[in-house]
Structure formats: C-alpha cells, structure tokens
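J.: Pasted the sequence and its predicted model underneath.
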Amino acid sequence: MWHGVEEHLGSEQVSRVVYGAIIGMALIVVLEHHPPSAGVTTVTLVATAIAVGLAELYSDWIGHVVKHRGGFHRRDLGHIAADVSAVAVGIVFPDVFFLLATVGVLELDTAFTVAKWTGLGLITAYGYAAGRLSGESHSRAALQALAVTAIGAALIGFKAFVH
C-alpha cells in the first residue's frame, strides 16, 4: 500500500489534488456563512467536482490537440482522466464530513469546521510531500508546505474577516 501512496505522491496528480482541495475549501468557506443542509452541501461539492472535472477534461483535451496539431489518441485519454480525477478527489475530499452530518453522526457546524481544517491539513501534507519527493530538504519542503498552507489559511481568514 505504501508503494501506491508513494507513487501517487510522486506523480503530477499531487498538484491536481491540491488545486481541487483549494476549490473545495473555497466552496465550503462560502457555503458556511449561510449553510444549506448537509445533504445539499454534499451534492454541491459533488456537482462542483463534476463541473470542474469536465472543464479540466475539455481544457486538457484542447491543449493536447493544439500542442500536437490535432493528434489525439485514445491512449492519451488515460493520462488526462487521471489528472481530472485527482482534481475531483481534492474537491470532494471534505464530503465525508457532510455525509456524516447527513446521517446524524456530526452536527452541521462541526462538519464545516472539520472540513475546513482537514482540508488545510491535506494541502499542507501534500505540499510537504511534494517538496520531499522532489528532492528538497526537510526545511525547504516545510517552506513549500507553508506557502500552500497560506493559501488555505487566507481563505479561512478572509471569511472570518468579512463575516
């Protein structure tokens, strides 16, 4: 199992998961001010993942076609689909907490709080792992993690400041 995790963390999908997680966090921060039900939040995150995934799929396909002057082969679709899936996973990552709120295991406020902070933890961990797996020292990987963490913290801080 560790080999699969290490392989994933060493792939280009790391950046895509972080990108998706930031989109998911931004959506959660916006929804939290006037929260819909846990079920609606779950569906909203899934719908966002689908919409962003389709936009990513189309833009990657267009980029590939333009770069290769119209050449697109079915084998190219696997790489694009893996990238798109990574973005979608990043977006729906916090859905587990809203599903738990839907079935009454968590309160909705708790689900929003846990979703924000675990999302921040996810992008921090991915930032650090990406730094280490790219050969950076522990301190440089920590700086990289801190930089991506600042993005998520800014989202959370902005919401706290505005409301």
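T.: Received, thanks. Numbering: from 1, shown residues only.
J.: could you point out which element follows the helix or strand containing L27?
T.: Using DSSP states H and E, L27 falls within helix 13-33. Toward the C-terminal end, the helix or strand that comes next after helix 13-33 (DSSP H and E) is helix 38-67.
J.: Give me the buried positions along the helix holding L27.
T.: Residues of helix 13-33 classed as buried by neighbour count (16 or more other Cβ atoms under 10 Å): 13-29, 31-32. (Each C-beta comes from the backbone N, C-alpha and C, glycine too.)
J.: Could you check how far T44 is from D95?
T.: 10 Å (Cβ to Cβ, to the nearest Å).
J.: got the contact list for L57?
T.: I80, A81, V84 (Cβ atoms under 8 Å, 6 or more residues apart in numbering).
J.: Look at R74 and say how many residues are nearby.
T.: 6 (other Cβ atoms under 10 Å).
J.: And for the one 4 residues further on?
T.: For G78, the tally of surrounding residues (other Cβ under 10 Å) stands at 9.
J.: Pull the residues that contact stretch 112-122.
T.: By Cβ under 8 Å, 6+ apart, stretch 112-122 touches 17, 21, 24-25, 28-29, 31-32, 35, 90, 93-94, 97-98, 106, 149, 152-153, 156.
J.: Can you pull out the low-pLDDT segments for the protein?
T.: Scanning the chain for pLDDT under 70 picks out the ranges 1-11, 72, 159-160, 162-163.
J.: let's see 90
T.: Applying pLDDT under 90 to the chain flags the ranges 1-19, 33, 60-83, 125-135, 148, 151-163.
J.: From V65, how far out is A82?
T.: Relative to V65, A82 is positioned 18 Å away (Cβ to Cβ).
J.: Keeping just the C-alphas, turn stretch 44-51 into PDB.
T.: Listed in PDB are the C-alpha atoms of stretch 44-51, where the atom choice follows Å, rounded to 0.1, in the frame of the first residue of the first chain:
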ATOM      1  CA  THR A  44     -22.900  20.800  -4.100                       C
ATOM      2  CA  LEU A  45     -19.400  19.500  -3.600                       C
ATOM      3  CA  VAL A  46     -20.000  16.600  -6.000                       C
ATOM      4  CA  ALA A  47     -21.600  18.800  -8.600                       C
ATOM      5  CA  THR A  48     -18.700  21.200  -8.400                       C
ATOM      6  CA  ALA A  49     -16.300  18.300  -8.800                       C
ATOM      7  CA  ILE A  50     -18.100  17.200 -11.900                       C
ATOM      8  CA  ALA A  51     -18.300  20.700 -13.400                       C
END
